[in-house]
Structures are given as structure tokens and as C-alpha cells.
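> got a structure for you, letters missing:
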């Protein structure tokens, strides 16, 4: 079983739609959680951290459920520019050093 | 403001050849990383350097070596390239570790093909 699992998609949505991605992680000791965005043939970039209380950044809302070990990302009013792959990332402490574990990503395609 | 710079961007190697991927960051970060990204696998950590003078194996270190030349530079060497090492390689850095608040910054990637 992968440490971080995501639906690979693609999710095809029209502009203005609301879309939600889920992610599950297997290590109950995971300490920090993030969503990264990766455009085609580009490097990943931090979209937002995910906090237990849930957090919002403009059209993006992230939620964390530690009991069920899943993380979600909600995108409202989708824009064409939101088309990208969204990576779910958790931070684990491994033999004293923290390391990031990346999901394989969920691809989003927003169409006019 | 360069951030993390890695070279080369594209490289084709023959099986058995060696090469070094170079990486430099100008953000005065302590920790540096090398990842590879393959379809359906996500990014996987090859080696990391928690601070200048230290290097440690990550998840998939076999076939690779690294050198933390100084605080700025962290190179990845393939001693005898194999087709299984065909991948996209990302160098990254953080101020100190990867806990919340320590954003990881990636280079633009190096596309390596081994034939």
C-alpha cells in the first residue's frame, strides 16, 4: 500500500465548477500536510499547508481528518488556470529526520 | 532571484555512462534534496543533506552518489547509468528540514534518458 494515495483523475470540469480532491495517508504519525501544484513539465510548488482546523486561501479550502487519515482540497469557481496536477504531501519523521512523502497526484482539467 | 538552479535540463546517456547533475541554491538554505519523479510513482527521495557536511540515503539511493560541496551546492552522480534511471530529477532545498513552515523549493527539473 502506498503511503499517500490519490485518485489520479483526470477530473474534467467546466469553468466555474467546484471540484474536490481527496487523499489518504497510511502513517498515523504523520506530522504536517500540504497540497502542492505541479504544471505540466514544471516543478512542484506549494499551494497550501493543511491544518487540523481546516484552512482557506481564496477559492481553495483544505481539510484534514486525522482520525480517518485523509486530506481534502476543495476548489471553488474553477478557472482555466487551475488546470494542473495537485499533489498531496505528508511530512513524516523518519529516523530523526523529517521527510516529505508525495502522492502521485490528481490531474485537473478545466475547460471553457 | 534564481532560487534553486539545476543543470543540465536535458540529457541522453548510453547505458554504462556516468554523469553528474549539478544543483545550487542561493537562499542560504541548510537542507538540500534530490528526488526523482516517474509516472505513477510520485516524487521519491534519492538522497538528502540535512546540513552542510552531511548526506544520507533516501528511499531509492541505489545507483547514485551525492556530494554536498558547500552550503550552496549539492550534486548527484550516476556512476554507471541504467535504463531504469530514466526519469525526471528534481533538486530541492529548505531552510531546515521539512516541517510545516519550512517550505521546500524545487529546481526546474532535469530530464534524463538512458538508452
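Ah, there it is. Quantities reported herein were computed from a predicted structural model and do not represent experimental measurements. Numbers count the residues shown, from 1 in each chain, chains lettered A, B, ... in the order given.

> Report the contact partners of the residue nearest the centre of chain B.
With distances taken as C-alpha atoms, centre = their mean, the residue of chain B nearest its centroid is residue B:34 (2.5 Å). Listed by C-beta atoms under 8 Å, 6 or more residues apart in numbering or on different chains, the contact set of residue B:34 reads B:21, B:23, B:45-48, B:58, B:64, B:66, B:74, B:76, B:89-92. C-beta coordinates here come from the backbone N, C-alpha and C atoms, glycine included.

> For the helix or strand bottoming out on mean pLDDT in chain A, which residues meet the burial criterion?
The helix or strand of chain A with the lowest confidence, counting by mean pLDDT, DSSP states H and E, is strand A:97-102 at a mean of 83. Residues of strand A:97-102 classed as buried by neighbour count (16 or more other C-beta atoms under 10 Å in any protein chain shown): A:98, A:99, A:100, A:101, A:102.

> ok, those residues vs residue A:26, which is closest?
Nearest to residue A:26, judged by C-beta to C-beta, of these is residue A:101 at 9.3 Å.

> so that closest one sits right up against residue A:4, yeah?
Yes. Using C-beta atoms under 8 Å, residue A:101 is in contact with residue A:4, at 5.3 Å.

> what about the residue lying closest to residue A:105 once chain neighbours are set aside, helix or strand, and which?
With sequence-adjacent residues excluded and distances taken as C-beta to C-beta, 6 or more residues apart in numbering or on different chains, residue A:105 is closest to residue A:85, at 4.1 Å. Taking DSSP states H and E as the criterion, the element that holds residue A:85 is strand A:84-94.

> which helices and strands does that strand pack with?
Packed against strand A:84-94 by the contact rule (3 or more C-beta pairs under 8 Å, 6 or more residues apart in numbering or on different chains; DSSP states H and E) you find strand A:4-6, strand A:19-25, strand A:32-38, strand A:70-75, strand A:97-102, strand A:106-111.

> rewinding a little: the least confident helix or strand of chain A and chain B in contact?
Yes. Judged by C-beta under 8 Å from any C-beta of the partner chain, strand A:97-102 and chain B are in contact via A:97, A:98, A:99, A:100, A:102.

> how distant is that strand from the center of its chain?
Taking C-alpha atoms, centre = their mean, to the nearest Å, one finds the center of strand A:97-102 at 15 Å from the center of the full chain.
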